[in-house]
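**Student:** I would like the atomic coordinates for the input below:
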Amino acid sequence: MNAWLLAAAALAFATGLAHTVMGEMLIFQRLRRGSVVPTFGGEVLREGHVRILWASLHVLTLLGWCMAAMLVALAVWPASDMTRALARLIGLGMSAAAMTVLIATRGRHPGWLALSVVALLIEASR
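**Tutor:** Predicted coordinates for the structure are as follows:
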C-alpha cells in the first residue's frame, strides 16, 4: 500500500469538502431565495448563470472526490507502470488546477495550495 497516495487522496477529499461547504456559505447562501439551487444574481447575473455557477462548484467537488477515489485505488493496487502513469496524470491535473487557481486569484484563494500539496504527495509516491 502506498501511504503517499493515500495521503494525497485524503487531502483531495478534504479539499473538495471544504470547497463545497465554503462555497455554499460564502457565495451561494446569499444568492438563494428559498430553493436548494440559488437563482438570484442581482443586476449582473441572470438566473441561468447563477444556476450553472452553483452546479459547477459542486461538479468540481465531485470530480475531485472521484480523483481521490482513484488515488485510493492506485494506492492499494500493486505498483506497476500503469498505476504510476495514472497517478502521474492525476498529479499533473492537480498541478494544472493549482496553477489556474493561483493565477486567477493572485494567490488569494487557498485552493491552489491544497491542490499543489496533493500533486507533491503524488510525486513523492514515485
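**Student:** hey, let's count contacts and neighbours off CA atoms from now on
**Tutor:** Will do.
**Student:** tally of neighbours for residue 94?
**Tutor:** Neighbour count for residue 94, taken as other CA atoms under 10 Å: 24.
**Student:** poorly predicted segments of this protein, please.
**Tutor:** Within the chain, not a single segment meets pLDDT under 70.
**Student:** which SSE is the spatially most central residue of the chain in?
**Tutor:** The C-alpha lying nearest the average C-alpha coordinate of the chain belongs to residue 64 (CA atoms, centre = their mean; 4.1 Å). Residue 64 is part of helix 47-76 when elements are defined by DSSP states H and E.
**Student:** kindly report the same for residue 4.
**Tutor:** In this structure, residue 4 is located in helix 3-26 according to DSSP H and E.
**Student:** which residues does that helix contact?
**Tutor:** With contact meaning CA atoms under 8 Å, 6 or more residues apart in numbering, helix 3-26 is reached by 57-58, 60-62, 64-65, 67-69, 71-72, 74-75, 111, 114-115, 117-119, 121-122, 124-125.
**Student:** ok, the residue nearest to the centre of the chain - contacts?
**Tutor:** Contacts of residue 64 by CA under 8 Å, 6+ apart are 12-13, 16.
**Student:** tell me the one among those nearest to residue 34.
**Tutor:** Residue 34 has its nearest neighbour among the contacts of residue 64 in residue 16, at 25.0 Å by CA to CA.
**Student:** any idea how far residue 89 is from the closest one?
**Tutor:** Separation of residue 16 from residue 89 (CA to CA, to the nearest Å) stands at 19 Å.
**Student:** kindly report the same for residue 108.
**Tutor:** With CA to CA as the criterion, residue 108 and residue 89 are 26 Å apart.
**Student:** can you mark which positions in the helix holding residue 64 are buried?
**Tutor:** Of all the residues in helix 47-76, those buried under the rule 16 or more other CA atoms under 10 Å are 50-51, 54, 57-58, 61-62, 64-65, 67-75.
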